[in-house]
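**Student:** The following comprises the amino acid sequence and a computationally predicted model.
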Amino acid sequence: MEIIRGTTIVGVRRNGKTVIGGDSQAQLGEHFIIKDSVIKVRRIYDDKVIVGFAGNVSDAFAFFREIENALQKFSGNLQRAVVEVGSSWQNPKSAIRRLEAQLIVANATQMYLLTGDGNVIEPDDGIMSIGSGSYFAISAAKALIENTDLSAKDIVKKSLLIASHYCPHTNDHLVIEEVE
C-alpha cells in the first residue's frame, strides 16, 4: 500500500509574530495527485498554537492528539508539551513510536520540529521547514529574512510559492496561520 504524501510546510518567527504555512497537495505515490485542498496547517489549544504537518496523514493526526493532550496537561506550556511528547518514544509500549510524520509546532514565541522517531528540535534562527519542498522553502525564507524587511507572513507565502515552482510535490494552494 502506498502512503499519501507530498507537501511543504515552513515556519518563520519575526518581529514578535510566528507564522506557519503549507501547501495543500496530497499524492499517492510519485505521480498521482489525489487532492489539492488538504489542510495541513491548523490552530490548536484555543488558537494559541499553530501546527503544520508533513508525512502520513493518520500519523500526523495521532501526533496532533498527543500535542493537544500535553498542552492541556501543562496549561499551554509549549516547551514542556513537546518534550513530554518527544520523551514518550523512550517507552517501548508507546502508541506513537515510529510515526511517519513530522510536525512544526509554534506559539507566539517558540517553534519546534517534532519527528516521528522522537526528535524535538528548536531552530537557532526562527526558521523551519519540513516536507518534500523544504529545501527550496527554507532557502528562500533564509534569503528573504536576511535581505528584506518583509513580514513573517509574507516570507512564508513567498517561500512556499518558490517551493511550488521547483518541487513537483508542492502546489500553490496555501494555508497560512499566524500567532502573536
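**Tutor:** That came in fine, so what should we check first?
**Student:** Return the residues in contact with Asp172.
**Tutor:** Asp23, Leu160, Leu161, Ser164 (C-beta atoms under 8 Å, 6 or more residues apart in numbering). C-beta: built from backbone N, CA, C; applies to glycine.
**Student:** List the beta-bridge partners for Val175.
**Tutor:** Beta-bridge partners recorded for Val175 (DSSP bridges): Gly22.
**Student:** er, Arg14 actually
**Tutor:** Lys17.
**Student:** and Lys142, how many neighbours does it have?
**Tutor:** With neighbours defined by other C-beta atoms under 10 Å, the count for Lys142 comes to 16.
**Student:** what pLDDT does Ala95 get?
**Tutor:** Note for Ala95: predicted pLDDT of 58.
**Student:** got the buried residues for the longest helix out of those in the chain?
**Tutor:** In the chain, assigned by DSSP state H, the helix with the most residues is helix 57-73. Using 16 or more other C-beta atoms under 10 Å as the test for burial, helix 57-73 gives Val57, Asp59, Ala60, Ala62, Phe63, Phe64, Glu66, Ile67, Ala70, Leu71.
**Student:** tell me which of those residues is nearest to Gly131?
**Tutor:** Ala60 (11.2 Å; C-beta to C-beta).
**Student:** Check the contacts of Asp172 and tell me the two furthest apart.
**Tutor:** Farthest-apart pair in the contacts of Asp172 is Asp23 and Leu161; separation 9.3 Å (C-beta to C-beta).
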